[in-house]
Every structure is written in structure tokens, then in C-alpha cells.
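Q: coords please:
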Amino acid sequence: MARAPVFVAFLCLAAIALASGADARKMVGVYVLKKGDFSVKITNWGATIMSIVVPDSKGNLADVVLGMDTLAEVVNDTSYFGPLTGRVAQRMARGRFVLDGKVYHTYLNDGKNAIHGGHRGFSKVIWTVKEYVAGGDSPYITLYHRSFDGEQGFPGDLDVYATYQLSSPYVLSIRTNATALNKATPVNFLQHVYWNLGGQGSGDVLGHTLQLSASRYSPLDEELLPSSGRVEPVAGTNYDFRTPTPIGARIRQVMGGQAVGYDINYVIDGEGMRKVAAVRDGKSGRGLEISANQPAMQLYTGNWLNNTKGKDGKVYNQYGGFCLETQAYPDAVNHPEFPSITVRPDQVYKHDMVYKFSF
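A: Sure, this is the predicted structure:
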């Protein structure tokens, strides 16, 4: 299959390079994967999903992820609209961990804590495009990043690959892997997409019905850290989505840190690649089923969106989108009772996600 020419909006990155410290000779582009009326737009800045366009039950097309119109806006985004985050996603208490008897300090970018790998985590670097096939039966793009020893305070060189691929019917798969080259290091990636199946900017998502394959969750404190180390059953709590339930049914009774709404880690039932969540928007008829191979998943309901400028002149407000972020347990590096996220030299970390749309 012939490889399509790289699409659109390559930038010489003079301004971006100054802001990010990137090599000005590197290029950032926007790449479109298209299969019929199903399309996904990705940039190699932060391995970011910029748009996902799918039909509704009447055949009307809409972009179902929140985000920004331009690359300049993506580069300056502080809401994490769509990037792949790492080297260690989610929060790390005090940006500190001990590995093999040595104390490491990472960059603090969330008050006293680190989040999503630091201020120059994987969401804020230019990834190398290794392969790109825009159309055909299974369009895909493979991105690569060499995370260097000491980057944001993490030990060891790490080779990272992320492949985004479309298949039938209306399936987006994301396959990520990372190999530790010379030192043990913690690794935890997540794809930080905000979903609104009614279409981005169409209002809140409180009426979406959500079902999670999760009978347990890990309580988080006001800093959104699992400081107690406990894992508790969802039964009898406002966190129970084992049966299809509107996102907004109990949202006013929960706190995600210091905001009203969900920002909580679920422990996914089972192991290996399995269904973790299903969501449906009754108005559009769109549904989304997510499968993944990770032990946990963060539900975030856009609690801090507040007059946030989005795409196509839209403005996002509280609960204007939701995230379902498959992941390892948050702050696992500081909780030996949680499954380890340490990857040792020549070991390979794998995180696979599948998003299946229906109408």
C-alpha cells in the first residue's frame, strides 16, 4: 500500500521551539486517518487526538472529542485535550519516588505534586512520525519518542511507540509500547481524550448513560491522590456504574478533589484485554465501547471546564466532556500495595486501547 503524503500544516516551529525548547528544525504536522465517513485527526505534538468524526443514528456527522482548532492552540493547551501523557501519567505525590534504593525527584507541575509526567511530559514533545498511511482498509500512523535519561527527573532512556489505526466497523485502536534501555523506570501512559457523543460543544454530558466494568475503586483525597492506599467496593456508593446510569444521576453528591463531579480511579474487573466501559448518548444515538489491557481507569467529568475556548467557535463549560482514561493505579510508585509500574531494562510496557463506535 502506498504511503500517503504527510497532510497539512507543517510548521517550522520557530515560535513553538522557543516556547518548548524543541529543536527548531523539527516539524509538527496534522495527519488525518480516514475510512469512509469515519475520520481521526492527529498531530505529532504530544501524540494528540485533535478530532474524531463519526455519524449519528441519522447519518449526521459530528466531531465527538473536545479540543482546539490550531496547532498553536494545541501547543499552549493546559486542559490536556487529547494527548498521550507520560512517562508517568496521573499524579505522583510530591513528585518523588524511590526505586531500587535511590530517591528520584520529578518536575512539580500540580502544586506540590507532579502530574502527567511533568511540565514537559510526553504531551509536550514532538514525536517522530515513523509510518503514515492515510486511507485504505486500515489507515494508521505510528509515532516514536526517545525519552532520555533524566527527562523530567525519570531514570533511564526509554523508547516509546504509539500506533493509531482505524478498522471496520468504526473502530479506533491505539497500541502503545515502551522499552527501558538501560535503567529501571516507572511507566504509565494514558490517552487524555474528552468525549461528548452529542458532538463537541453541544452542551453537557450529564445525560449520557455510562456503564463501567468496575466493582471497586480507589478513594482519592483532596489532592486527588490515593493517600490511604485502600481499594473499596463501589456497591452502595455514588461511584457505582456497574449498570447503565446517567453520568449526572449522582454527580452533585461527589467531589473530584475540590470540585463537584467525578475525578476518580476505578479498578477494572478481570485481566488482559477486556471491555472496560460503554457509553451512549440517547439524543444522537451514538454509542462508544472501550476495551483495554490496563488494571485501572480514571473517570473525569470536565469539572474544571469554565468558559474554555474550543473548536469551531464553541465554548466548553463544566461537564462539557468526560474522560475515560485507562491506566495503572495512580501514584503506584509510592504504594507497594498497588500493582508495580516498574519496567526494567529490555522489558516492554504495553498499553492497548480499542474504541468501538455504534449508532
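
Q: Strands of the stretch 101-250 of the chain, start to end?
A: For the stretch 101-250 of the chain, the strands defined by DSSP state E, counting those that start in this stretch cover 102-105, 114-115, 128-133, 140-147, 158-167, 171-180, 185-186, 190-191, 209-212, 216-218, 232-233, 245-246.

Q: Compile those into a markdown table and extend it with columns for mean pLDDT.
A: As requested, those are exported to a markdown table (pLDDT from 0 to 100):
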| stretch | mean pLDDT |
| --- | --- |
| strand 102-105 | 98 |
| strand 114-115 | 98 |
| strand 128-133 | 97 |
| strand 140-147 | 98 |
| strand 158-167 | 98 |
| strand 171-180 | 98 |
| strand 185-186 | 98 |
| strand 190-191 | 98 |
| strand 209-212 | 98 |
| strand 216-218 | 98 |
| strand 232-233 | 98 |
| strand 245-246 | 98 |
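
Q: how about the ones you listed, which one is nearest residue 354?
A: strand 171-180 (4.9 Å; CB to CB). To be clear about C-beta, it is placed using only N, CA and C from the backbone, and glycine gets the same treatment.

Q: quick one, the closest one and strand 140-147 angle?
A: Using axes from the mean of the first three to the mean of the last three CA atoms, to 10 degrees, one finds that strand 171-180 and strand 140-147 are set 20 degrees apart in direction.

Q: which strands and helices sit next to strand 171-180?
A: Contacts defined by 3 or more CB pairs under 8 Å, 6 or more residues apart in numbering; DSSP states H and E place strand 171-180 against strand 158-167, strand 342-343, strand 348-358.

Q: Tabulate those strands in CSV, adding columns for mean neighbour count and distance to residue 328.
A: Output for those, formatted as CSV (neighbours: other CB atoms under 10 Å; distance: least, CB to CB, whole Å):
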stretch, mean neighbour count, distance to residue 328
strand 158-167, 20, 15
strand 342-343, 18, 10
strand 348-358, 18, 9
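
Q: between these, which gets nearest to residue 307?
A: If you check each of those against residue 307 by CB to CB, strand 348-358 wins as the nearest, at 28.4 Å.

Q: Pairing partners for the closest one, with directions?
A: Looking at strand 348-358 with DSSP bridges, its partner strands are strand 171-180 (antiparallel), strand 287-292 (antiparallel).

Q: List of residues touching the last one?
A: Right, the one you point to is strand 287-292. Counting by CB atoms under 8 Å, 6 or more residues apart in numbering, strand 287-292 makes contact with 64, 195, 197, 268, 273-281, 324, 326, 351-359, all of which sit outside it.

Q: any chance of the strands of the stretch 101-250 of the chain in CSV, plus distance to residue 342?
A: Compiled in CSV, the strands of the stretch 101-250 of the chain are given as follows (distance: least, CB to CB, whole Å):
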stretch, distance to residue 342
strand 102-105, 12
strand 114-115, 17
strand 128-133, 26
strand 140-147, 15
strand 158-167, 12
strand 171-180, 9
strand 185-186, 6
strand 190-191, 17
strand 209-212, 27
strand 216-218, 19
strand 232-233, 25
strand 245-246, 36
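
Q: Next, find the distance separating the residue nearest to residue 84 when sequence neighbours are not counted from residue 59.
A: Distances taken as CB to CB, 6 or more residues apart in numbering put residue 47 closest to residue 84, at 3.9 Å, once the chain neighbours are dropped. Shown here: residue 47 relative to residue 59, a distance of 31 Å by CB to CB, to the nearest Å.

Q: When these two are compared, which one has more neighbours?
A: Between residue 47 and residue 59, counted using other CB atoms under 10 Å, the more crowded position is residue 47 (29 against 8).

Q: Let me know whether that one touches residue 83 as I believe.
A: Yes - taking CB atoms under 8 Å as the contact criterion, residue 47 and residue 83 are neighbours in contact, 6.2 Å apart.

Q: who touches both of the two?
A: With contacts taken as CB under 8 Å, 6+ apart, the residues that reach both residue 47 and residue 83 are 122, 123.

Q: tell me the phi and psi of the residue of the chain most remote from its centre?
A: Going by CA atoms, centre = their mean, the residue of the chain most distant from its centre is residue 101, 30.8 Å out. When quoted as degrees, to the nearest 10, the phi and psi of residue 101 stand at phi 80, psi 0.

Q: re the thing from before, quick one: which of the strands paired with strand 348-358 is nearest residue 111?
A: In this view, the strands paired with strand 348-358 are compared for proximity to residue 111 by CB to CB, and strand 171-180 is the closest at 27.2 Å.

Q: Now do the closest one: everything it contacts.
A: Everything outside strand 171-180 that qualifies as a contact, by CB under 8 Å, 6+ apart, is 40, 52, 84, 86, 147, 156-167, 187, 189, 191, 343-357.

Q: Now find how far off-centre it is within its chain.
A: Put simply, strand 171-180 sits 12 Å off its chain's centre (CA atoms, centre = their mean, to the nearest Å).

Q: Provide a list of residues in contact with residue 353.
A: Contacts for residue 353 were tallied using CB under 8 Å, 6+ apart; they are 173, 174, 175, 191, 290, 291, 292, 326.

Q: Residue 202: which of those residues is nearest?
A: Nearest to residue 202 among the contacts of residue 353 is residue 290, at 20.4 Å by CB to CB.
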